[in-house]
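Q: Using only what follows, build the 3D model:
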Amino acid sequence: MDYSSEPVKQNIEIGYGMKPQMVAVEEHRLLGILKPNAVAVERTGRAAVDSALQCPVGSPRLRELVKPGMRIVIITSDITRPLPSGQLIPAVLEELYAAGVDAADITIVFALGSHRRQTEAEMRRLVGDEVYQTVRCMDSDTTDFVRLGSTRLGTPVDITRVVAEADFRIGLGNIEFHYFAGYSGGAKAIMPGVSTRAAIQANHSRMALPEAAAGRLEDNPVRMDIEDAVRLCPLHFIVNVVLDEHKQILHAVAGDFILAHREGCRFLDRLYKIAIPSRADIVIASQGGAPKDLNLYQTQKALDNAKHAVKPGGIIILVGSCQEGLGEKTFEEWMTGSASPRAMIERIQTDFQLGGHKAAAIALVLENADIYLVSEMEADFVRKIHLQPYRSVQQALDDALGKLGPDASVLVMPYAGSTLPCLAE
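A: Now for the predicted structure:
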């Protein structure tokens with residue numbers, strides 16, 4: 001093929017905070033744009049949630065499980081997650097009210113895990129004004145917890161008190177690939193959602209084991225430990241959704257915390273496991289914009305999927321606004337205080353710390369590829385954390401092509417936190 005004439009370029013939109021960026025990629029070097037597979041669905045949005053609640057998996061309907069006077073907790077995601085709680089919670093409340101449950105006996109708990117506390121405005125925005133004014137809403141609290149015992153692997157089951165003392169627990173979540181728990185959703189509402197930092201750290205310390213991988217449930221020690229915690233703190237019912245690339249509800253499941261979750265995972269695989277012809281020299285990876293790229297702690301999830309698509313010695317262009325900076329205290333200490341990526345890897349092997357685990361995950365990628373970070377963070381600070389700073393995706397690509405040469409191939413992952421590349425057989 002003759003490329004002596006001006007090459008044809010394809011303009012591609014890349015999510016970045018609240019304002020996407022455009023990048024032009026020469027078509028002859030573009031291996032693909034990883035977007036979800038086409039999967040037929042009958043219902044989306046609130047209709048999908050209502051349908052799931054009417055036909056739960058492995059469980060009676062929610063309205064048949066609860067009784068008036070029960071203390072009921074609804075565990076939902078915090079502001080760092082894309083879960084549209086405002087669509088799920090009203091549907092769940094309708095089921096509860098149909099059973100005669102009083103709003104005064106319901107508490108909505110935002111599962112912070114190890115994340116920062118939320119503002120009142122953020123909580124209100126997540127659930128909507130009507131729900132916020134009707135039902136008690138609160139963040140999970142790692143300082144006020146009940147120890148319920150330990151998992152079989154020794155992880156303490158320390159649960160926020162209001163959750164631990166509830167008569168009935170409902171977990172809400174979205175299902176996506178998780179780089180060491182296999183998938184999000186399901187029992188993760190309990191662990192790490194409403195667990196203490198020490199409990200989360202003990203669970204996550206198994207992330208370095210080879211079975212702890214994205215898209216893997218069988219024999220995954222992290223997922224098995226998470227679900228074992230529910231043996232001591234029962235999760236009586238879940239409502240989980242799978243979101244499309246625009247963060248809209250594409251599919252919903254409800255019912256048993258294992259059986260319904262697994263059905264959701266199977267749907268996710270059909271949608272987001274994407275075959276690629278080969279690894280690329282350059283991978284452009286974005287979380288898809290806000291709220292998933294609020295900080296580097298969250299944006300790292302895109303990097304961890306992108307690592308499966310880049311050639312050894314290649315470049316990952318990681319795109320995330322990171323307007324709140326690094327996003328977690330221990331993560332920041334590891335990223336800014338380590339002399340080299342190798343130092344972080346060696347440290348995690350002898351001194352596992354929650355937060356440090358994501359720094360080590362970034363360091364492991366740096367062993368194989370360079371990372372060009374397109375963000376709002378100051379350039380000198382980005383260099384200090386061993387990444388190459390950029391403001392523009394296009395400039396990052398141009399520089400990557402300049403380094404790797406005229407034959408470099410490019411793969412684009414606009415929703416890298418969701419799509420899991422798999423080499424075609």
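Q: Tell me the buried residues in stretch 126-134?
A: The neighbour-count check on stretch 126-134 (16 or more other Cβ atoms under 10 Å) flags 126-127, 131-132 as buried. In this view, the C-beta of every residue, glycine as well, is placed from N, C-alpha and C.
Q: hmm, I was thinking of stretch 214-232
A: If you call a residue buried by 16+ other Cβ under 10 Å, then stretch 214-232 has these buried ones: 214-217, 220-230, 232.
Q: picking that back up, tell me the one of the buried residues of stretch 126-134 nearest residue 417?
A: residue 126 (19.2 Å; Cβ to Cβ).
Q: Excluding covalently adjacent residues, which one is nearest to the closest one?
A: residue 85 (4.8 Å; Cβ to Cβ, 6 or more residues apart in numbering).
Q: contacting residues around that neighbour?
A: For residue 85, the contacting residues are 76-77, 126-127, 172, by Cβ atoms under 8 Å, 6 or more residues apart in numbering.
Q: one more time with 6 Å
A: Residues in contact with residue 85 (Cβ atoms under 6 Å, 6 or more residues apart in numbering) are 76, 126-127.
Q: go on, residue 183?
A: Here residue 183 is in contact with 175, 265 (Cβ under 6 Å, 6+ apart).
Q: Show me what it is bridged to.
A: With DSSP bridges as the criterion, residue 183 is bridged to residue 177.
Q: If you count neighbours, what's buried in the helix or strand harbouring residue 200?
A: Here residue 200, judged by DSSP states H and E, is contained in helix 197-204. Buried residues in helix 197-204, defined by neighbour count with 16+ other Cβ under 10 Å: 197, 199-204.
Q: which of those lies closest to residue 31?
A: For the buried residues of helix 197-204, the nearest to residue 31 is residue 204 (32.9 Å; Cβ to Cβ).
Q: could you pull out the helices for the stretch 201-350 of the chain?
A: Here the stretch 201-350 of the chain has its helices, by DSSP state H, counting those that start in this stretch, at 221-232, 259-272, 296-306, 329-337, 341-350.
Q: re earlier: can you give me the distance of the residue nearest to residue 126 to residue 192?
A: 18 Å (Cβ to Cβ, to the nearest Å).
Q: go on, residue 353?
A: Residue 353 is 14 Å from residue 192, by Cβ to Cβ.
Q: One more: residue 396?
A: 33 Å.
Q: And the longest strand seen in the chain, what does it pack against?
A: The longest strand of the chain (DSSP state E) is strand 310-319. Judged by 3 or more Cβ pairs under 6 Å, 6 or more residues apart in numbering; DSSP states H and E, strand 310-319 is in contact with strand 280-286, strand 370-374, helix 393-404.
Q: hey, what's residue 11 bridged with?
A: Under the criterion used (DSSP bridges), residue 11 bridges to residue 24.
Q: ok so, going back, a markdown table for the buried residues of helix 197-204, including pLDDT?
A: Output for the buried residues of helix 197-204, formatted as a markdown table (pLDDT from 0 to 100):
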| residue | pLDDT |
| --- | --- |
| 197 | 87 |
| 199 | 91 |
| 200 | 89 |
| 201 | 85 |
| 202 | 88 |
| 203 | 90 |
| 204 | 86 |
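Q: In TSV, list the residues you listed along with distance to residue 159.
A: TSV is the format used below for the buried residues of helix 197-204 (distance: Cβ to Cβ, whole Å):
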residue	distance to residue 159
197	13
199	8
200	12
201	15
202	14
203	13
204	17
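Q: quick one: which of these is nearest to residue 332?
A: Closest to residue 332, out of all of the buried residues of helix 197-204 and judged by Cβ to Cβ, is residue 197, at 15.3 Å.
Q: residues touching that closest one, list them.
A: By Cβ under 6 Å, 6+ apart, the contact set of residue 197 is 114, 142.
Q: ok, back up a step: now, among the buried residues of helix 197-204, which is nearest to residue 177?
A: Using Cβ to Cβ, those come closest to residue 177 at residue 204, 16.3 Å.
Q: quick one: that closest one from residue 47, how far?
A: Shown here: residue 204 relative to residue 47, a distance of 36 Å by Cβ to Cβ.
Q: now swap in residue 415 and tell me
A: 23 Å.
Q: Comparing those two, which residue is more hemmed in?
A: residue 415 (25 against 13; other Cβ atoms under 10 Å).
Q: Need phi/psi at that one.
A: Backbone torsions for residue 415, taken as degrees, to the nearest 10, come to phi -130, psi 60.
Q: Enumerate every residue touching it.
A: Here residue 415 is in contact with 245, 288 (criterion: Cβ under 6 Å, 6+ apart).
Q: How about the contacts made by residue 31?
A: Contact analysis of residue 31 by Cβ under 6 Å, 6+ apart lists 280, 409, 411.
Q: Now with 8 Å, please.
A: 276-278, 280, 409-411.
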